[in-house]
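K.L.:
requesting a structural model of the entry that follows:
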Amino acid sequence: MAPLDMGRAERGPAAEASRILTMRLADQLCGVAVPAVRDVLGPQPLARIPLAPPEVAGSLNLRGRIVTAIDLRRRLGLPPSEQGPEKAMSIVVEHGAELYSLLSDEVGEVISLPESGQEPNPPTLDPLWREVSLGVQRLGERLLILLDIPALLDLSRR
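P.N.:
Presented below is the predicted three-dimensional model:
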């Protein structure tokens, strides 16, 4: 898979828009801010990490760096994928000088969203999801949940 284009910031009226990389977890559309994304990878072999929390699917090697793989389905209380984490797409993010791979069912596209369109989390959103969400954005009839990377990687929050 080709590296994600993280080119220059947009100019003009679109400059106030946030660039979001979309992904799908089960039937839910989610997104992460493009500046947090370091790489997007297809399915990768994972090495198990003994005694790791259940959300940690294992680790992978990315150009000589060890990357901790987080199973987002397990982290967000979703049922396991029929394909398993070994077939998941990886969105590599950096947090605290460490690399993490967020395992998702499918990686979508980079979209620009007006910051004025972001809404707070609805009260009906699962409490676990509320803890790791920055808010939501309507995309037609779908709801995009904007994920908070630091909160998502804080595995003490369960």
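
K.L.:
how about Pro86, phi and psi?
P.N.:
For the record, residue 86 is Glu, not Pro. phi -70, psi -20 (degrees, to the nearest 10).

K.L.:
can you count the residues close to it?
P.N.:
Neighbourhood size, Glu86 [other CB atoms under 10 Å]: 14. Every C-beta, even on glycine, is put in place using the N, C-alpha and C of the backbone.

K.L.:
how far away is it from Pro150?
P.N.:
For Glu86, the distance to Pro150 (CB to CB, to the nearest Å) stands at 26 Å.

K.L.:
go on, Ser59?
P.N.:
Separation of Ser59 from Pro150 (CB to CB): 20 Å.

K.L.:
again with Gln44
P.N.:
23 Å.

K.L.:
more neighbours: the two, which one.
P.N.:
Under the neighbour definition other CB under 10 Å, Gln44 and Pro150 were set side by side, and Gln44 has more, 21 against 11.

K.L.:
so what's that one up against?
P.N.:
For Gln44, the contacting residues are Leu60, Ala69, Ser90, Ser101, by CB atoms under 8 Å, 6 or more residues apart in numbering.

K.L.:
between the residues you listed, which has the most around it?
P.N.:
Neighbour count (other CB under 10 Å) singles out Ser101 as the most crowded of the contacts of Gln44, with 29 neighbours.

K.L.:
separation between that one and Thr124?
P.N.:
Counting by CB to CB, the gap between Ser101 and Thr124 amounts to 30 Å.

K.L.:
same question, Gly31
P.N.:
Gly31 sits 19 Å away from Thr124 when distances are taken as CB to CB.

K.L.:
those two: which is more packed in?
P.N.:
Comparing Gly31 with Thr124 by neighbour count (other CB under 10 Å), the higher total belongs to Gly31, at 23 against 6.

K.L.:
tell me the SS of that one?
P.N.:
For Gly31, the secondary-structure state derived from DSSP: H, G, I helix; E, B strand; the rest coil is strand.

K.L.:
surely it touches Leu21?
P.N.:
Yes. Gly31 is in contact with Leu21 according to CB atoms under 8 Å; the separation is 6.3 Å.

K.L.:
buried sites along stretch 150-158?
P.N.:
Leu152, Leu153 (16 or more other CB atoms under 10 Å).
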